Every structure is written in structure tokens, then in C-alpha cells.
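Engineer: okay, sequence plus prediction incoming.
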Amino acid sequence: MFDQIVILIPLLPLIAVLINGLNVMLGRRYPDGIAHRLAWGSVLLSFVCALWVFQQVLRDPTPRTVVVYRWFFGGDLQVNMGFLIDSLTCVMLLVVTGVGFLIHVYSVGYMHGEEGFARFFTYMNLFMVSMLLLVMGNNYAVLFIGWEGVGLCSYLLIGYYYDRVSAAQAATKAFVVNRIGDAGFLIAIFLVFANFQTLDYEQVFAQADKLTSGTAAAIAICLLIGAVGKSAQLPLHTWLPDAMEGPTPVSALIHAATMVTAGVYMVVRNHAIYDLAPNVLLFGVGGIGAVTALFAATIGLVQTDIKRVLAYSTVSQLGFMFLACGVGAYAAAIFHLVTHAFFKALLFLSAGSVIHALSGEQDIRKMGRLWKSIPVTHWVFLTGTAAIAGFPFLSGWWSKDEILGHAFIHGHYVLWLLGAVAAFCTAFYMSRLLYLTFYGPPRVDEHAAHHIHESPPVMLAPLMVLAFLAVIGGLIGVIPGGLENGAFHQFLRPVVSLRGGTAEAHETTMLPYILMAVSTLIAFGGWLTAHYFYQLRPALPERLRHRLSAAYTLLLNKYWVDEIYDKMFVQSSNTGGRALDAVDTGVLDGAVVGVGRLTEMGAEGSTWIEKYVIYGGLNIIGYSNHLGARILRKLQSGLVHHYATILVAGFVILVNLILLFLWLGSGS
């Protein structure tokens, strides 16, 4: 029974994808109400199955492998479609299906009336299938399939409004930048197979000690490249802020709570390899994470688009998770991944509620005093802001403090300082966002002011659940045993060792509590600074902007990283493409045209028989081809779903022919 329930977790949303996908391709044969019920209903059932599996792992934490079928094999390589079920997998399953279900429900209200309603939920379910494969796979091949699947869904959902040039460009940018990271990840998989002759996690990690330090470092670096691309860390971070062109529920699900954390999950899953490459772990993973956390936080200080502020906040918080991995605090990284899923999904969905109330407005300079008009949205947004800022006893306070505590106690003072400054910036820019959106004088234009309204219950209910989780979610890390001895850390212990954390320091010193107090002061300091700037002295930010115009321009333009990349890579690629086009047109096409002209010249001097017999035959053949082309062109409708239907039908026919030949061969 255990195996069957595990298989149902990704299978249920896959069935919804097939049903809704066929409905879309066939022209929406049933109403949108059925489409969205299939979508969120399948995710809810997956969540229930994940809860059942979680209970079984609680009783017996021994890792179990569920083999669905023998996937492919050849030579020394044999790969199964299999799932590894352990405590780390269970945590990720509950986050993906639980938060995913809430976002699906929210989407019913947010996407109501959209022309591509059923298509949207098909993409969302396809993402769920891919993400579940990513976290459940028991080998690198299944992980890579899920990895590429979430990348595809990211492209489809960012470019959901395909008639917008900005959305199409953002989707393409996300796809291209992630391919850079995926290339590194693929090289890592090749190196793993070359050294272990297997792609199975358990076999690889059991033999990891046999690797030389150089080989372990090479694999760790290539894995890190993949993680940096997927989790939007420097220097491959540029795609995530632009990804906000997609619908807000997409931002909450893919680019805050689940997909972008795949890089963190992958590093933690491969900790046996990273432990053999301590320099890559500390300076690569930890260094990149700390620098990214501060880098993105400084950009968030001046952004004016409500979703873009949250996007840079996501990049920064992912940096904290990488920082935790870099100092060996793998459990702390996953702990922050969980709490971040709660409060960041809450913040994005709350921002969507604000945008919904203002008929699409996203500029916080055109908001203000909304707390009276949309009180429920105001309170849940306030809760999420306090959680991410690190206010005492909320979820973000526990997880972020643990990361900074690990860095300081283990002597990584530079990383701790970078993280502490980033935490201050986080408290400041999130408080700034709160004040400009909900407080101060109203700056909403008259047209939007007449239409301000609270979101419907189907959108508010998920917000309330996420707000509740953002408040109490951090307690799983401390109850019942205190710092690092809570239920969450004990649950992860069979997979991820704690490697001597703040709990050990707590036994002999008061240092963890001192660091906790410092983290609290940092959070209150960021909030008080924002309160002074935007509540007590609202004219001061404008004066500072003029006085520090160079720094303001630098941050507003995101350090001109996009412009530098455009100059170095995009424009140079365009120049190279134009040069190759000139060669193709002038040389290759010229040669073909020249041969044709020589043929024409020969034809002019040929005999009457050559002209009328040979050319007449060619004309008959040409007319036949033309007639056939007129018939076949009917298949070229220009509609992607028609092509997809033909492709699926051809695939089914091909598979059945292969099975028929195999059956005939076995009979003979």
C-alpha cells in the first residue's frame, strides 16, 4: 500500500494535466468550473497522500525506495523511474503540495474571467508534477527530468500573457539563463556516472568517500552552477525579477515558494559530496549566498513595483539559504526554506490582492492608505512583513536567526556581517513597502479609487491560512527541545546531520541568546528607520534621493547588470548572427542560385525534345507536388494545440506499432 500511495502523489496532478490539457486542445469542451476543480482537487488529494506518507516516515524514518518501472538501461547504466522517500523528501512534499494547494485555490478567484483560464490550470498542474518528480526522484535522471520540467513550466507561466512583448521577453530570458545553469548541472551528472557507474543517490552517497578532493570539488562546482541558475543567485539572478510579468499566483508558487528553492534542495540532497569539498561549500555556496543576500536586498531598497520588491526579496532570502548550506547548517537551510514558503507566498498573494483591488496597479507610489479599504489584506500583509523582517517569535525570526547564529558561532564573521546587513535592509524595505502601500496619504487616482474592493473569500481564505502558518510555523524548529532540538531538526537528523550547531554552544555559553537579541535589534532597527522615513518625516526620502542621486541611480538600475550582460553577450551574439547571415546569404545561397542559373543557361541551348519532354515531365511532377502540398497544408493551422494533438497521436501510433512488432516477434 505504501508504494501505491507514493505513486499517487505525482500521478493525481498528472491525470488532471491530461484531462484539462485535452480539453484545451479540443476547444474547451467543458466549463472552467470543472477545470479548476480538477486542478486544485488533484493537488489536495496529493497533499492528503503526502500527509499519510509523512506519518509512515514518522513511525519508521528508514529511507525507502519505490520503483515504478525500469526506465532505461544500456551497458553499465541502468536507471529506474523510482522515488526516494525519507524525511527530506517528506518536508518538500508537504511544502509543495500544501502551499501549492492554497495557491491553486487563490488562483480560482484571481484568474476568474481570464480567457486562458483552463490553460493556466493545466500549466500549474504540470508544474506540480515536475516539482514532485524533482523532490521525489531517487536518482539524478529523475531529478533532471523534474528540473527541466519546472523550467519549461516557468517559461509557459511567465509568458502566460503571450500577447505582451514584455511577458514574452521575460519568459525567454528565464529560459535562456536557466539553460546556462542546467548545462553545469548536466556536466555534474556525467561526472557522477563516470566515477560511480550509477546515478542512484544511495549508491553514489555510499561511495562518495572514494572520490578524490579534486573530483569532488569538480562535481560540487558543476552542481552549484545548476543551483545558482535555478535559485537565481549571482551571477544568474537576472531572470527572476523579470519573471514577475506572469500572473501573481505564478510568482507565489514558482518564483517564491517552490521552484526557486530547488537549488537549495539539490545542494542539501548532495551534502555528502559537498562535505568532501569544504572550500567549494564555504566560498562557493556560502560566499555566493551571502553576497547575493546583500546585493538583492540593497536593490529592494528603492524599487517601486510591489511585485519587483518581493522578487528581489526572494533572491535575497534564497541567499540566506545558500549561506546556511555554506556553513554546514543544512537543516537550518531547509528550515528557512519552509518558513520562507509560508511568508513569501503570503506576501505575493497579498500583493495580488492589492493589485486586484486597484484594477491592476502595481506602483506603490500610486497607493497609500489602503488599510481602511482592504482591511483583511492589510492585516495578512502586515503579518507577512513582520515574519520576513524577523520580528520576535514569528517564523522568519526563528529560521533566519539560526542561520546567522551558525555563521557567527563557527567563526565565519564576514558571512555573518553580510547576512546581518542584508537582514537590516530586509526589515527596512519591507517596512517601506508596507507604509507606502497601506499608510500615509492616499495617492490612488480617482478612477481606481472608485473601484477599490476587498478580494473575494476564495482569495482571502488561503491568505488567512498562510498568515497563520507565518505566525506559528517557526515553532516546529524549537518545540519541544529548544534550539536545534525541535521536532523539525530531529525529523531531518537521519538525512542531514546537524554538524555541531548553536545548540552545542547553548550548553556552555549564552552566545546564542546574545545573537538572538542582536537579530531582534536588527529587525526593529530596520522597521524604526522606515517608520522615521515614511511616517514621521515623509519628505526626507525625497531629499535623500537628490542628495545621494548617484547611489540611488545605481540601485534603481540594479547595478546595471542587465545592461552589462546585454552589451557583453546579447549584442555580441547579434553581431555574430548578422555576420553568419551574410555568409549564408552571400556565399551559400549565392552558390545555390548560381547552380540554378547555369541549369537555365543549359536549358536555353538544349533541343526541342529536351525542353518539351524533360521539362514537361518535370512540370507534371511539379504540379503533382503542388497538389499534394495544397492538401497537406491543411494540417498547418498555426495552432500549437493542433500540432500537439498530431504529435501525441503519432507517438501513440508509433508505440503501438513497436508493441505489435515485439508481439509478432515473440510469437514467431
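Structural biologist: Received it, and whenever you're ready, just let me know what you need.
Engineer: what is the burial count for the closest residue to residue 238 other than its chain neighbours?
Structural biologist: Using C-beta to C-beta, 6 or more residues apart in numbering and skipping residues adjacent in sequence, the residue nearest residue 238 is residue 562, 5.6 Å away. Using the backbone N, CA and C atoms, a C-beta is placed for each residue, glycine as well. Other residues lying near residue 562 total 15 when counted by other C-beta atoms under 10 Å.
Engineer: residue contacts, the residue positioned nearest the centre of the chain?
Structural biologist: Nearest to the geometric centre of the chain sits residue 259, at 2.8 Å (C-alpha atoms, centre = their mean). Contact partners of residue 259, counting by C-beta atoms under 8 Å, 6 or more residues apart in numbering, are 127, 131, 150, 153-154, 230, 253.
Engineer: measure it to residue 158 for me?
Structural biologist: 11 Å (C-beta to C-beta, to the nearest Å).
Engineer: residue 389 too?
Structural biologist: In this view, residue 389 and residue 158 are 28 Å apart by C-beta to C-beta.
Engineer: separation between residue 655 and residue 80?
Structural biologist: 20 Å.
Engineer: tell me which residues of the host helix or strand of residue 37 are tucked away?
Structural biologist: According to DSSP states H and E, residue 37 maps onto helix 32-59. Neighbour counts over helix 32-59 (16 or more other C-beta atoms under 10 Å) mark 32, 35-36, 38-40, 42-50, 53-54, 56-57 as buried.
Engineer: and for stretch 444-461?
Structural biologist: 444, 452, 454-455, 459-460.
Engineer: tell me which of these fall in helices.
Structural biologist: 459-460 (DSSP state H).
Engineer: now pLDDT too, for the buried residues of stretch 444-461, in CSV please.
Structural biologist: Formatted as CSV, those follow (pLDDT from 0 to 100):
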residue, pLDDT
444, 81
452, 88
454, 91
455, 91
459, 95
460, 95
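Engineer: nearest to residue 189, of the buried residues of stretch 444-461?
Structural biologist: Nearest to residue 189 among the buried residues of stretch 444-461 is residue 459, at 40.8 Å by C-beta to C-beta.
Engineer: nearest spatial neighbour of the closest one, skipping sequence neighbours?
Structural biologist: Leaving aside its chain neighbours, residue 459 sits nearest to residue 109 (4.0 Å; criterion: C-beta to C-beta, 6+ apart).
Engineer: tell me the angle the helix or strand that neighbour falls within makes with helix 32-59.
Structural biologist: Applying DSSP H and E as the criterion places residue 109 in helix 87-110. Here helix 87-110 runs at an angle of 160 degrees relative to helix 32-59 (axes from the mean of the first three to the mean of the last three C-alpha atoms, to 10 degrees).
Engineer: elements contacting helix 87-110?
Structural biologist: helix 32-59, helix 117-136, helix 248-252, helix 262-269, helix 330-357, helix 457-472, helix 487-492 (3 or more C-beta pairs under 8 Å, 6 or more residues apart in numbering; DSSP states H and E).
Engineer: who wins for proximity to residue 643 among those helices?
Structural biologist: helix 117-136 (15.2 Å).
Engineer: for the record, mean pLDDT for the following helix or strand past that closest one?
Structural biologist: For helix 117-136, the succeeding helix or strand toward the C-terminus, using DSSP H and E, is helix 140-158. In this model, helix 140-158 has a mean pLDDT of 94.
Engineer: which secondary structure elements does the helix or strand following helix 140-158 contact?
Structural biologist: Scanning forward in sequence from helix 140-158 by DSSP H and E, the next helix or strand is helix 165-196. The contact analysis (3+ C-beta pairs under 8 Å, 6+ apart) places helix 165-196 against helix 140-158, helix 201-206, helix 213-230, helix 239-242.
Engineer: may I have the last one as PDB, with CA atoms only?
Structural biologist: Which is helix 239-242. Presented in PDB, the C-alpha positions along helix 239-242 are these (Å, rounded to 0.1, in the frame of the first residue of the first chain):
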ATOM      1  CA  TRP A 239      15.700  36.300 -14.800                       C
ATOM      2  CA  LEU A 240      13.800  36.200 -11.500                       C
ATOM      3  CA  PRO A 241      12.800  39.900 -11.200                       C
ATOM      4  CA  ASP A 242      11.600  40.000 -14.800                       C
END
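Engineer: let me see the contact set for residue 56.
Structural biologist: residue 2.
Engineer: adjust the sequence numbering to begin at 828 for everything that follows.
Structural biologist: Sure thing, new numbering starts at 828, so read that last one as residue 883.
Engineer: show the pLDDT at it.
Structural biologist: 95.
Engineer: least confident secondary structure element in this structure?
Structural biologist: Ranked by mean pLDDT, DSSP states H and E, the weakest helix or strand in the chain is helix 1435-1436, scoring a mean of 48.
Engineer: distance from the chain centre to the helix holding residue 864, please.
Structural biologist: Chain-centre distance of helix 859-886: 21 Å, with C-alpha atoms, centre = their mean, to the nearest Å.
Engineer: that one: what's the following helix or strand?
Structural biologist: strand 891-901.
Engineer: what are the contacting residues of that next one?
Structural biologist: With C-beta under 8 Å, 6+ apart, strand 891-901 has contacts from 829-830, 833-834, 905-913, 965, 968, 1029.
Engineer: tell me how far the residue lying closest to residue 1292 once chain neighbours are set aside lies from residue 1211.
Structural biologist: Counting by C-beta to C-beta, 6+ apart, residue 1292 lies nearest to residue 929, which is 5.9 Å off, once chain neighbours are set aside. For residue 929, the distance to residue 1211 equals 13 Å [C-beta to C-beta].
Engineer: mutual contacts of the two, please.
Structural biologist: What both residue 929 and residue 1211 touch, as defined by C-beta under 8 Å, 6+ apart, is the set residue 1293.
Engineer: ok, back up a step: could you point out which element follows the helix or strand where the residue nearest to residue 1065 lies?
Structural biologist: Using DSSP H and E, residue 1389 sits within helix 1388-1392. As assigned by DSSP H and E, the chain's next helix or strand after helix 1388-1392 is helix 1398-1410.
Engineer: so for that following helix, mean pLDDT?
Structural biologist: Per-residue scores along helix 1398-1410 average to 83.
Engineer: likewise stretch 1225-1233?
Structural biologist: 94.
Engineer: neighbouring contacts of it?
Structural biologist: 1147-1148, 1150-1151, 1154-1156, 1159-1160, 1162-1163, 1165-1167, 1217, 1243, 1246-1247, 1250, 1301-1302, 1304-1305, 1310-1311, 1328-1329, 1332, 1339, 1342-1343, 1346.
Engineer: check stretch 1388-1395 too.
Structural biologist: Contacts of stretch 1388-1395 (C-beta under 8 Å, 6+ apart): 1062, 1065, 1384.
Engineer: pretty sure the first one is in a helix, no?
Structural biologist: No - inclusion of residue 1062 in a helix is not indicated when DSSP: H, G, I helix; E, B strand; the rest coil is applied; the result is coil.
Engineer: for it, what are its contacts?
Structural biologist: 1055, 1388.
Engineer: can you count the residues close to the residue nearest to residue 946 when sequence neighbours are not counted?
Structural biologist: Spatial nearest neighbour of residue 946, excluding adjacent residues (C-beta to C-beta, 6+ apart): residue 851 at 5.1 Å. Residue 851: 21 surrounding residues under other C-beta under 10 Å.
Engineer: contacts for the helix or strand hosting residue 851?
Structural biologist: Element membership for residue 851, per DSSP H and E: helix 829-852. The contact list for helix 829-852 (C-beta under 8 Å, 6+ apart) reads 856-857, 862, 865-866, 868-870, 872-873, 876-877, 879-880, 883, 891, 893, 895, 910, 912, 920, 924, 945-946, 948-949, 952-953, 955-956, 959-960, 963, 1468-1469, 1471-1472.
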